[in-house]
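Q: Sharing a sequence plus its predicted fold:
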Amino acid sequence: MGGKRDNRPAAGKTTVGGRREPLSPRKAALFLAITLAFPFLLFGLLETGLRLANYGGHMPAFSTPEVFHGKYLVPDANLARRYFPQDRYPPVAPGDAFLATRPRNSVRIFVLGESSAAGFPYAANGTFSRVLRDVLTDIFPRDTVEVVNMGIAATNSYTIADIAGEVIDQRPDAVMIYGGHNEYYGALGAGSTESLGSFPGFVRLYLRLQRLKTFLLLRNVMSGALTAVRGGPSARTIESDVTRMESVVGDQRIVLGGETYQRGVRQYESNLRSTIRAFRREGIAVFIGSTPSNLRDLRPFGPSAIPPDTTATIVFDSAKATLATGDSSRAANMFSRARDLDVVRFRAPSEFARVLQRVAKETGAIYVPSAERIAAASLKGIPGADLFHEHVHLNQRGYLLLAHAYFDALRSTNFLSRQPDTERFAGWSAYEERMRLTELDHRIALHTVRAVTTRWPFVPVRKQVDYRGTYEPTDFLDSLALAASRGAIPWAQAKAMLGERLASSGDVDRAIAEYDGLIRDGPQVEVAYRLAARALLSVNQPQRARPYLERAHAISPSAFSAFSLGVIVREEGKTDLAITLLEQALRLSPDMPGALYQLSLAYGTKRDIATARALALRLAQVEPRFPGLMEWMSALGVTPP
């Protein structure tokens with residue numbers, strides 16, 4: 001019996017002709033749901049794990065540095081890693097801080113663009129946005145004015161479109177766009193080494209997908225495989241061997257009207273439309289400015305291309321000859337034509353201005369004639385070296401004019417329906433002075449520009465030099481400027497070092513100029529106010545030091561600021577306030593000799609002799625040789641211990 005097979009169907013199952021019957025509709029639906037959900041479950045687990053491990057790091061648009069204790073946001077230093085994933089040191093936006101919680105009475109504006117918007121070649125304080133902030137702060141005295149610059153070097157309209165949503169989340173009143181020069185060679189541009197094709201919508205989707213850690217993992221795996229196959233340079237090699245201008249160029253010959261040229265035009269227009277519509281849907285005003293460039297004093301880059309192209313150079317030379325005859329109007333058109341014919345496209349062509357005007361009209365944005373403003377202020381009406389450092393980056397006066405153009409555009413909208421106090425407007429020469437650009441800042445800019453213009457495309461590859469590696473500094477200031485230009489020391493450190501040296505040598509006014517520059521760059525940070533006050537107190541200028549001390553104390557009270565303010569107000573006869581400040585100094589720094597002495601004097605003035613004696617005796621234990629102590633104890637009738 002045991003050799004017989006049991007052919008009966010298993011319990012709970014029925015067969016027809018030896019085959020299983022189909023699952024019930026309910027079970028089949030459940031099985032299908034599990035099958036379909038399984039890949040998503042795996043994706044969710046992988047994404048969660050990568051997020052917990054912080055794979056690829058954080059790349060938010062904004063973050064809160066510890067120094068601000070959550071009160072302020074700034075453009076995040078890692079934001080540009082979205083566009084330069086292989087770079088060791090990607091470019092960063094200016095560090096404009098703004099309140100994490102927007103105040104009720106406030107004006108908030110964001111500036112979007114590339115290196116020209118970011119104020120290159122100035123390390124800080126050269127941006128037109130900060131000039132605009134100064135003006136608006138004056139004419140809206142009852143409002144908190146925030147103008148946040150998001151300009152990032154070597155980027156283009158793809159970056160503007162990518163961060164638009166995160167800017168919207170910060171509830172701005174207006175957005176100002178100033179860009180176009182990097183449309184071909186900026187990150188993901190039509191002629192760049194990182195181009196992803198000719199469909200702007202696809203590229204924008206790619207950038208949005210980078211928010212997913214799983215997508216970053218796939219991107220990095222594919223990039224690593226391609227690098228291994230091609231034998232491409234590492235990020236370290238790129239950073240040390242070439243400037244960013246050289247490393248981003250994928251196509252050195254972009255012919256006017258050609259396929260790559262037209263792709264750049266479509267890319268620019270598509271990204272602008274997408275960005276502006278997103279802002280306008282939220283009721284945010286958008287100002288888009290035309291982009292001027294050096295036409296009169298910059299020879300076309302074409303001869304440095306491979307293979308070289310002299311078409312634009314011929315037109316440029318003819319324009320020079322025409323200008324020499326006095327026909328500046330005809331020469332201007334010829335210079336513009338030479339720029340458009342230049343096959344190495346580091347300057348926005350004329351067609352971009354027409355795109356801007358068309359898009360502004362169709363989307364409800366405000367067109368800002370910034371290129372026209374620069375041309376009108378230029379020698380013979382043609383932009384040149386009087387306003388430009390090199391090809392597209394303006395000098396101090398140029399950035400001031402740019403601020404003027406955007407200010408006028410704001411005024412044309414009745415300042416976003418706000419009522420300004422125009423009598424508080426200080427005048428453009430005053431705002432130029434308030435840029436706080438010192439000799440050190442201009443020297444840093446000089447070294448930065450020379451480092452760029454001694455390399456391709458300004459000179460052929462065979463003639464380029466390592467300017468920063470071969471230049472010999474002439475003095476201490478020049479050494480600091482070169483080091484800051486190279487990135488060997490931070491700009492703020494260079495300013496502080498020079499300020500300390502100037503103050504120690506008695507040149508306090510120049511020291512204060514450096515500290516004022518630091519304050520303008522970071523008005524929410526206490527340290528520069530304290531340094532300025534210390535320098536002024538060292539030469540016995542307490543009243544001049546007072547506003548610096550008050551601001552430092554308001555930001556972050558310290559024993560130094562409390563003590564120094566206490567001494568000043570005690571000498572003014574404000575004894576009660578002096579006692580409050582001096583006692584605060586002692587809470588922050590117990591047994592501070594100067595505070596003990598001054599507080600004893602203050603209580604003596606109030607005829608609280610017992611407290612004055614106790615403080616004097618305490619000082620005698622801490623610092624028995626403190627100047628004036630013995631005489632003061634004698635006046636109090638106290639015998640020194």
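A: Received, thanks. The model shown is predicted, which means the values in this text are computed figures rather than measured ones. Numbers count the residues shown, from 1 in each chain.
Q: When you work out contacts or count neighbours from here on, use the C-alpha atoms and nothing else.
A: OK.
Q: what packs against the strand or helix carrying Gly604?
A: Following DSSP states H and E, one finds Gly604 within helix 593-605. Helices and strands touching helix 593-605, by 3 or more Cα pairs under 8 Å, 6 or more residues apart in numbering; DSSP states H and E, are helix 559-571, helix 575-588, helix 609-622.
Q: Can you say which of those helices is packed in most?
A: helix 559-571 (a mean of 22; mean count of other Cα atoms under 10 Å).
Q: Which one of the helices and strands packed on helix 593-605 lies nearest to Pro25?
A: With Cα to Cα, the closest approach to Pro25 among these belongs to helix 575-588: 75.3 Å.
Q: Please list the residues outside that closest one that contact it.
A: 558-563, 565-570, 592, 595-596, 598-599, 602-603, 605-606 (Cα atoms under 8 Å, 6 or more residues apart in numbering).
Q: Apply 6 Å and report the result again.
A: 559, 562-563, 566, 569-570, 595, 599 (Cα atoms under 6 Å, 6 or more residues apart in numbering).
Q: swap in stretch 307-323?
A: Stretch 307-323 is contacted by residues 300, 302-303, 331, 334-335, 338, 341-342 when judged by Cα under 6 Å, 6+ apart.
Q: Let me have the residues you listed in JSON lines, extended by distance to Thr311.
A: Putting the contacts of stretch 307-323 into JSON lines (distance: Cα to Cα, whole Å) gives the following:
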{"residue": "Pro300", "distance to Thr311": "9"}
{"residue": "Gly302", "distance to Thr311": "8"}
{"residue": "Pro303", "distance to Thr311": "9"}
{"residue": "Ala331", "distance to Thr311": "16"}
{"residue": "Met334", "distance to Thr311": "12"}
{"residue": "Phe335", "distance to Thr311": "13"}
{"residue": "Ala338", "distance to Thr311": "8"}
{"residue": "Leu341", "distance to Thr311": "7"}
{"residue": "Asp342", "distance to Thr311": "8"}
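Q: for the helix holding Gly604, what is the average pLDDT?
A: Helix 593-605 comes out with an average pLDDT of 97.
Q: got the angle between it and helix 559-571?
A: 30 degrees (axes from the mean of the first three to the mean of the last three Cα atoms, to 10 degrees).
Q: Any chance you could list what contacts helix 593-605?
A: 563, 582, 612, 615.
Q: any low-confidence regions in the stretch 451-600 of the chain?
A: Low-confidence segments of the stretch 451-600 of the chain, defined by pLDDT under 70, are absent.
Q: tell me the strands in it, going along the chain?
A: Shown for the stretch 451-600 of the chain, no strands are assigned by DSSP state E, counting those that start in this stretch.
Q: burial count for the residue nearest to Arg397 when sequence neighbours are not counted?
A: Distances taken as Cα to Cα, 6 or more residues apart in numbering place Leu387 nearest to Arg397, at 6.6 Å, with adjacent residues excluded. Look at Leu387: counted by other Cα atoms under 10 Å, it has 23 neighbours.
Q: what's near enough to touch Leu387?
A: For Leu387, the contacting residues are 394-395, 398, by Cα under 6 Å, 6+ apart.
Q: if we can go back for a sec, dump the helices and strands packed on helix 593-605 into TSV; add distance to Glu282 as well.
A: What follows is the helices and strands packed on helix 593-605, written out as TSV (distance: least, Cα to Cα, whole Å):
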stretch	distance to Glu282
helix 559-571	45
helix 575-588	48
helix 609-622	62
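Q: Report the helix or strand with the lowest average pLDDT across this protein.
A: Sorted by mean pLDDT, DSSP states H and E, the helices and strands of the chain end with helix 235-241, the least confident at a mean of 43.
Q: ok now the next helix or strand after it, how far from the chain's centre?
A: Per DSSP H and E, helix 235-241 leads on to helix 244-247 as the next helix or strand towards the C-terminus. Mean-position distance between helix 244-247 and its chain equals 20 Å (Cα atoms, centre = their mean, to the nearest Å).
Q: ok, now stretch 292-307?
A: With Cα atoms, centre = their mean, you get 28 Å for stretch 292-307.
Q: in the top strand by length along the chain, what counts as buried?
A: Longest strand of the chain, by residue count under DSSP state E: strand 106-113. Residues 107-113 are the ones in strand 106-113 that count as buried (16 or more other Cα atoms under 10 Å).
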